[in-house]
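Q: Fold the following and give me the result.
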Amino acid sequence: MKIGITGTPGTGKSSVCKILKKYYPVIELEQLIKEKKLYTRKDRQRDTFVADIDALVSYVSHYVTHPTAIFEGHLAHYLPLDLIIVLRASPSELRRRLSKEGFDEEKIKENVEAEALDVILVEALERNGNVHEIDTSERDVAEVANCIMEIINGSDEYKPGSIDWSEEVFR
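A: Okay, the predicted model is just below:
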């Protein structure tokens, strides 16, 4: 089974995948994109590489042969995978985490808005039929890893539609 762990920056993808690495091979997409030059250009304003999604999909389809692997990154939902897990965090918690990580205010605002509007969840649902979502706002990393293991083992507990930030956003 090929599994994507995706979500807005700051939702806990990298942290939880450090635990999941004990059980599954984890492919960090940002690192793969840089190492294999699977990008179209460098966005100097955002200090990031603009991924070539077609090249990334092609590379993963042809060269990643593990029968079971986890693909970690905010672009994982673009890949043709068996399962997509979207990590979520409330806008206020996401703002706190991104501030703590040193993100500038413009980048924080951009990511908080994306989370409030369910951008990654909607994109994942448009591309993949097997999508789950986990609210990481008040869960520690080990608890989130356990939730992911439950999903991998067949739990339907975290199907999309249970997380709604509108009350927080519109108060």
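
Q: on contacts alone, who are the packing partners of the worst-scoring helix or strand of the chain on mean pLDDT?
A: Least confident helix or strand, the chain: helix 166-169 with a mean of 78, by mean pLDDT, DSSP states H and E. Contacts defined by 3 or more CB pairs under 8 Å, 6 or more residues apart in numbering; DSSP states H and E place helix 166-169 against helix 91-100. To be clear about C-beta, it is placed using only N, CA and C from the backbone, and glycine gets the same treatment.

Q: For the helix it packs on, give the mean pLDDT please.
A: Here helix 91-100 scores 97 as its mean pLDDT.

Q: Could you do stretch 41-58 as well?
A: On average, stretch 41-58 scores 88.

Q: Off-centre distance for that stretch?
A: 16 Å (CA atoms, centre = their mean, to the nearest Å).

Q: shaky segments in the chain?
A: The chain contains residues with pLDDT under 70 at 171.

Q: Strands along that one, start to end?
A: For the chain, applying DSSP state E gives strands covering 2-7, 26-28, 39-43, 48-51, 69-72, 83-88, 131-135.

Q: burial count for Lys34?
A: Applying other CB atoms under 10 Å, we find 14 residues neighbouring Lys34.

Q: Tell me how many other residues surround the nearest residue to it once chain neighbours are set aside.
A: Using CB to CB, 6 or more residues apart in numbering and skipping the chain neighbours, the partner closest in space to Lys34 is Phe49 (6.3 Å). The number of residues packed near Phe49 is 16, by other CB under 10 Å.
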